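>>> from the sequence below, what's the structure:
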Amino acid sequence: MPFGDLGGAVLRIIGAADGIPVPDSEIQMIKEAIATLPAHAEVPAALARLRAAGFRMFTLTNNPKATFDQGLNVHKIDGISVRIYGVAAYDS
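Modelled structure (predicted):
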């Protein structure tokens with residue numbers, strides 16, 4: 001089960017325990033907000049410096065490929081990694 005779906009299910013369970021219904025639209029809004037959280041300000045420059053110094057960058061993720069790719073674009077760090085390892089099949 002993708003992490004976002006798991007989080008949504010947990011949110012529904014917690015809401016139900018407190019008698020608060022959680023609609024699909026709110027779960028989707030939270031998933032989108034989490035997927036677009038910015039990286040810490042120093043991350044893109046730090047990763048670029050490491051790569052420029054000759055380090056080969058590999059990425060480990062538990063996100064589905066689409067979510068991971070979206071995060072790379074949001075954080076402006078796409079193209080840094082040599083290879084991506086994750087729970088889903090990646091072509092990189």
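>>> relative to Val10, how far out is the residue of the chain most remote from its centre?
The C-alpha centroid of the chain is most remote from Gly19, which lies 29.8 Å away (Cα atoms, centre = their mean). Distance, Gly19 to Val10, by Cβ to Cβ, to the nearest Å: 16 Å. Where you see a C-beta, it was placed from the backbone N, CA and C, and this is true even at glycine.
>>> cool, and Thr36?
20 Å.
>>> where along the chain do the strands fall?
All strands of the chain, identified by DSSP state E, fall at 58-61, 83-86.
>>> in the last one, which residues are buried?
Buried positions in strand 83-86, judged by neighbour count with 16 or more other Cβ atoms under 10 Å: Ile84, Gly86.
>>> same for that strand, what does it pack against?
For strand 83-86, the helices and strands in contact under the criterion 3 or more Cβ pairs under 8 Å, 6 or more residues apart in numbering; DSSP states H and E are strand 58-61, helix 65-75.
>>> that one pairs with which strands?
strand 58-61 (parallel) (DSSP bridges).
>>> please put the alpha-carbon coordinates of the strand it pairs with into PDB.
Output of strand 58-61 as PDB, limited to C-alpha atoms (Å, rounded to 0.1, in the frame of the first residue of the first chain):
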ATOM      1  CA  PHE A  58      21.900   7.500  -5.000                       C
ATOM      2  CA  THR A  59      18.400   7.900  -3.700                       C
ATOM      3  CA  LEU A  60      16.400   5.600  -1.500                       C
ATOM      4  CA  THR A  61      12.600   6.200  -1.400                       C
END
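>>> could I get the average pLDDT for it?
Mean per-residue pLDDT for strand 58-61: 82.
>>> which parts of it are buried?
Buried residues in strand 58-61 (16+ other Cβ under 10 Å): Thr59, Thr61.
>>> can you name the residues in contact with that strand?
Phe68, Ser81, Val82, Arg83, Ile84, Tyr85, Gly86, Val87 (Cβ atoms under 8 Å, 6 or more residues apart in numbering).
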